[in-house]
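Participant: Need coordinates for the below:
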Amino acid sequence: MYFRDIIGQEDVKQQLIDSTRKGVVPHARLFYEQGGAGAFPLALAYARYLNCRKRSEHDSCGYCPSCLKYNELAHPDLHFVFPITKKEKKKEVCDDYLPEWRSLLKNQIYFNLDHWLESIDPGNSQAQIYSKESDEIMRKLSLRIYEADYRILFVWLPERLHATCANKLLKIIEEPPENTVVLMVSEEPDMILGTIQSRTQRVNVRAIQTDDMVNALVKNEKMELDSARHVAHLAGGSYIKAMEVISINEENLIFLEQFKEMMRNSWARNVKGMKTMADRIASVGRERQKNFLAYCQHMIRENFMYRFQSPELIYTNKEEAAFALKFAPFIHEQNVFELMDELAKAEQHIAQNVNAKIVFFDLFLRLTVLIRQ
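Facilitator: Numbers count the residues shown, from 1 in each chain. Okay, here's the model as predicted:
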């Protein structure tokens, strides 16, 4: 990963380059974004730049021994920590998943938790960074630095750290080993332990600018200019979302059909259909359940905005827009906030491991009242 591979974010790139060349290297940085803006590739390009032996004023060289090892994500002084699932007793720490992790990073520089979980088949478990990882972190950082100027501890999604791991990480940040840099990449920084947040230098990675997104789509995806502009608008500054818009993500199509079924059952007061649907959704993994509820909140918002006939405020694809023609009149000022609240509460309960069948059946019953308001 190089700075030149990252879409836009020129101000952040320059800030990281300038601080490195001046010898100002904070021992802990927290990169954060809303998702798909490039925080992860920025942090990885920064790690490479820190250890490049022949870096230029703009980027890493790409051919020194350090860069060659970063190309394979196999530098001995680069350590990754990321959410995993304990689907197998033999796979309890991040290093057990390194082959899958490296494969993902080599094929996708813009990715999210869903992409990662698809590559490891999580089953019904929620991904997190388990307490056992704390021992691995301490073991790795107790070793001498092999060859790099800076040893890098790279923590992706620190908001999913087990409390034990979070406290160990806090100790490392408070008293870091010599020449050790902790780089964290988060999509929910406020969920991270406050004492960790306060001891890091935060790097806000804003949504990708529209012009930068359009240029990238024209160059990388060979799109026509008008089509690229439309996709960039729907993407809202997220390259991941742009790719989903282009491919009409299969999961989103499934979610749309489930959303339609949910609303039709609620309108018809079809209790038997609600129970059947609750049982079916409860049978999939909790990460997918949360994704469906997040998608439902997106659809409620978009159908409410559809009433104002302002295209610049609407972010739906062709299939969703076709459904909104008939459904939007049912979402209005009297029920939109309560609908969003109920969906958000259901998502929170799923995250807290509440019985999924009960959560979804209760949600569907509540929607029955609200959709008819």
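Participant: Under the pLDDT cut-off, which ranges of the stretch 251-373 of the chain? List them.
Facilitator: Counting by pLDDT under 70, the stretch 251-373 of the chain shows low-confidence ranges at 309-315.
Participant: again, only this time at 80
Facilitator: Flagging of the stretch 251-373 of the chain using pLDDT under 80 yields the residue ranges 251-252, 306-318, 373.
Participant: And the helices in it?
Facilitator: Under the criterion DSSP state H, counting those that start in this stretch, the stretch 251-373 of the chain carries helices at the ranges 271-282, 286-306, 318-327, 336-351, 356-371.
Participant: mind checking which of the ones you listed is nearest residue 168?
Facilitator: Of all these, it is helix 336-351 that lies closest to residue 168, at 23.5 Å by CB to CB. Any C-beta I mention is one placed from the backbone N, CA and C, and that applies to glycine too.
Participant: can you give me the strands for the chain?
Facilitator: Assigned by DSSP state E, the chain shows strands spanning 28-32, 78-81, 151-156, 180-186, 201-204.
Participant: which residues of the stretch 101-250 of the chain fall in helices?
Facilitator: Counting by DSSP H, counting those that start in this stretch, the helices of the stretch 101-250 of the chain are 113-120, 133-142, 163-174, 194-197, 210-221, 225-235, 239-247, 250-268.
Participant: what angle separates the first one from helix 286-306?
Facilitator: Read that as helix 113-120. 150 degrees (axes from the mean of the first three to the mean of the last three CA atoms, to 10 degrees).
Participant: Quick check: which of the helices of the stretch 101-250 of the chain is nearest to residue 56?
Facilitator: helix 210-221 (21.8 Å).
Participant: circling back to that earlier point, mind putting the strands of the chain into a markdown table with mean pLDDT, mean neighbour count and distance to residue 40?
Facilitator: As requested, the strands of the chain are exported to a markdown table (pLDDT from 0 to 100; neighbours: other CB atoms under 10 Å; distance: least, CB to CB, whole Å):
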| stretch | mean pLDDT | mean neighbour count | distance to residue 40 |
| --- | --- | --- | --- |
| strand 28-32 | 94 | 23 | 8 |
| strand 78-81 | 94 | 21 | 11 |
| strand 151-156 | 94 | 24 | 7 |
| strand 180-186 | 94 | 24 | 5 |
| strand 201-204 | 94 | 15 | 12 |
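Participant: returning to that earlier point: quick check: which of the helices of the stretch 101-250 of the chain is nearest to residue 353?
Facilitator: For these, proximity to residue 353 was assessed by CB to CB; helix 163-174 is nearest, at 16.0 Å.
Participant: in the closest one, what's buried?
Facilitator: Taking 16 or more other CB atoms under 10 Å as the basis for neighbour counts, the residues of helix 163-174 that come out buried are 165-166, 168-170, 172-173.
Participant: so which of those comes closest to residue 70?
Facilitator: Distance to residue 70 across the buried residues of helix 163-174 (CB to CB) is lowest for residue 172, with 22.1 Å.
Participant: What separation do you get for residue 82 and residue 26?
Facilitator: As defined by CB to CB, to the nearest Å, residue 82 lies at a distance of 22 Å from residue 26.
Participant: Which one of the two is surrounded by more residues?
Facilitator: With neighbours defined as other CB atoms under 10 Å, residue 82 and residue 26 compare such that residue 82 has more, 21 against 14.
Participant: List the contacts of that one.
Facilitator: Taking CB atoms under 8 Å, 6 or more residues apart in numbering as the definition of contact, the neighbours of residue 82 are 94, 97, 101, 116, 129, 155-157.
Participant: do that again at 6 Å, thanks
Facilitator: By CB atoms under 6 Å, 6 or more residues apart in numbering, the contact list for residue 82 reads 94, 156.
Participant: how far away is it from residue 119?
Facilitator: Computed with CB to CB, the distance linking residue 82 and residue 119 is 11 Å.
Participant: circling back to that earlier point, nearest to residue 20, of the strands of the chain?
Facilitator: For those, proximity to residue 20 was assessed by CB to CB; strand 180-186 is nearest, at 10.7 Å.
Participant: Would you mind writing the CA trace of the closest one as CSV?
Facilitator: Written as CSV, here are the backbone C-alpha positions of strand 180-186 (Å, rounded to 0.1, in the frame of the first residue of the first chain):
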residue,chain,number,x,y,z
THR,A,180,7.2,1.2,18.8
VAL,A,181,4.3,2.9,17.0
VAL,A,182,0.7,1.9,17.6
LEU,A,183,-1.6,2.6,14.6
MET,A,184,-5.3,2.2,15.2
VAL,A,185,-8.0,2.4,12.5
SER,A,186,-11.6,2.9,13.7
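Participant: Neighbouring strands - and their directions - for that strand?
Facilitator: Taking DSSP bridges as the criterion, strand 180-186 pairs within the sheet with strand 28-32 (parallel), strand 151-156 (parallel).
Participant: I'd like to know which of those strands lies nearest to residue 257.
Facilitator: Shortest separation from residue 257 across the strands paired with strand 180-186 is recorded for strand 151-156, at 31.8 Å, computed as CB to CB.
Participant: Now do the closest one: distance to the chain's middle.
Facilitator: Relative to the chain's own centre, strand 151-156 is displaced by 17 Å; criterion: CA atoms, centre = their mean, to the nearest Å.
Participant: got the contact list for it?
Facilitator: Strand 151-156 is contacted by residues 47, 77-82, 145, 180-185 when judged by CB under 6 Å, 6+ apart.
Participant: of the residues you listed, closest to residue 202?
Facilitator: Within the contacts of strand 151-156, proximity to residue 202 (CB to CB) peaks at residue 184, which comes in at 9.7 Å.
Participant: What's opposite that closest one in the beta bridge?
Facilitator: Residue 184 forms beta bridges with residue 30, residue 155, as assigned by DSSP bridges.
Participant: quick one, what contacts it?
Facilitator: With CB under 6 Å, 6+ apart as the criterion, the residues that contact residue 184 are 30, 155, 158.
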